[in-house]
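[1] Sequence and predicted model, in that order:
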Amino acid sequence: MSPAPVALLFLCFGLSLQISTAQNTAVTDPSKKPPGPVYSGMLYPNPSSKSITTPTAWGGARSYVFGFIGGDFPQPYRDKPDLVAAAGIGLGNAYKTIGITGICNLNDVHRFRNFTASFIASKCFGKGNSLSVGGLNLFMNTKQSDGTSSYYFVYSHAVQTLQSFTPGYSRLCYSIGVGTGRFLQQSPKDIAVGKSHNGTAVFGNMSYEVFKNFNVNGEWNGLNLGFGAAWRPGFKFPALAIGVTDLTRFSNRKPSFVIGIGQAFTL
């Protein structure tokens, strides 16, 4: 069983929800200190998920824990759905120094096996900018999965001229990055049916808030196109995401639908 794209999807989904939770207090509660250097009129990335299967560079402003579960229907080259789950913790402050996130991934929920680990280090700077490096699905058991570990570097920006429906946030965010593994290499099943061995390694995503806390997202994940939507009723509520991946013939035999739910809590 391959952990991509669904494991990567919900890693990105989970990071988006926990980062927005860690950021929200200083923006929405005037009695709290700002998370880092004070930039007059700065807009933060809005609260909902901003990607489908690609990472963003946003880091948290406080410590947090989070968890999520989701699946794709059907999983690549199979008619059955695939479920994944994960839990993680974030430490540090990406606005003052560096934010670090550690994650334990469960890539085979049905059999409760195929565990991997991921890490992300993020640094926010200037008005609405952030950089991040990470490793995804590390220490993979090759007997239980045909997936591969991945490393990446990504830059994200929250556009400062388009204010969200929530004051203090940006309505439009985008990211561009480069990575190895699932950002570059096709799966063994793709190669077996004659698809190209490699993708672009370069990936990117864009997110636009159409209603309050409701984003539409589009992306290129290095191998294929995807589109989705994400909704978070409020900072204290779980985040929901739904999307479709593999929209071209570059990978997989047909598109897959994905859906997930997650929640994060500041410490």
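    Thanks, I have it. Residues are numbered from 1 along each chain as shown.

[2] got the buried residues for the helix or strand harbouring Ile261?
    Per DSSP states H and E: Ile261 is located in strand 256-266. By 16 or more other C-beta atoms under 10 Å, the buried positions in strand 256-266 come out as 256, 258-260, 262-264, 266. C-beta: built from backbone N, CA, C; applies to glycine.

[3] Pro45 contacts Tyr169, correct?
    Yes - between Pro45 and Tyr169 there is a contact at 6.9 Å, judged by C-beta atoms under 8 Å.

[4] which residues are in contact with both of those two?
    Residues touching both Pro45 and Tyr169 comprise Ala158, with contact defined as C-beta atoms under 8 Å, 6 or more residues apart in numbering.

[5] what residue ranges in the stretch 1-150 of the chain score low on pLDDT?
    Across the stretch 1-150 of the chain, the ranges flagged by pLDDT under 70 are 1-40, 144-146.

[6] of Pro45 and Tyr169, who's got more company?
    When neighbours are counted by other C-beta atoms under 10 Å, Pro45 comes out ahead of the other of Pro45 and Tyr169, with 27 against 24.

[7] can you pull up the bridge partners for the more buried one?
    Beta bridges link Pro45 to Ser170, judged by DSSP bridges.

[8] That one and Tyr77, how far apart?
    35 Å (C-beta to C-beta, to the nearest Å).

[9] then the helix or strand containing Leu136 to PDB, C-alphas only?
    Secondary structure assignment for Leu136, by DSSP H and E: strand 129-138. Output of strand 129-138 as PDB, limited to C-alpha atoms (Å, rounded to 0.1, in the frame of the first residue of the first chain):
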ATOM      1  CA  ASN A 129       6.600  35.600   4.300                       C
ATOM      2  CA  SER A 130       7.700  32.200   5.500                       C
ATOM      3  CA  LEU A 131      10.300  29.500   4.700                       C
ATOM      4  CA  SER A 132      10.200  25.900   5.700                       C
ATOM      5  CA  VAL A 133      12.200  22.700   5.300                       C
ATOM      6  CA  GLY A 134      10.800  19.200   6.000                       C
ATOM      7  CA  GLY A 135      11.100  15.500   5.800                       C
ATOM      8  CA  LEU A 136       7.900  13.400   5.100                       C
ATOM      9  CA  ASN A 137       7.200   9.700   5.800                       C
ATOM     10  CA  LEU A 138      10.600   8.900   7.200                       C
END
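
[10] any idea which helix or strand comes after that strand?
    Downstream of strand 129-138, the next assigned helix or strand under DSSP H and E is strand 150-158.

[11] Let's see that next one as CSV, backbone CA atoms only.
    The C-alpha atoms that make up strand 150-158 are tabulated as CSV, following Å, rounded to 0.1, in the frame of the first residue of the first chain:
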residue,chain,number,x,y,z
SER,A,150,10.5,12.9,0.8
TYR,A,151,12.4,16.1,1.6
TYR,A,152,11.4,19.6,0.6
PHE,A,153,12.1,23.3,0.8
VAL,A,154,9.2,25.7,0.4
TYR,A,155,8.4,29.5,0.4
SER,A,156,4.9,30.8,1.3
HIS,A,157,3.4,34.3,1.1
ALA,A,158,0.2,35.8,2.4
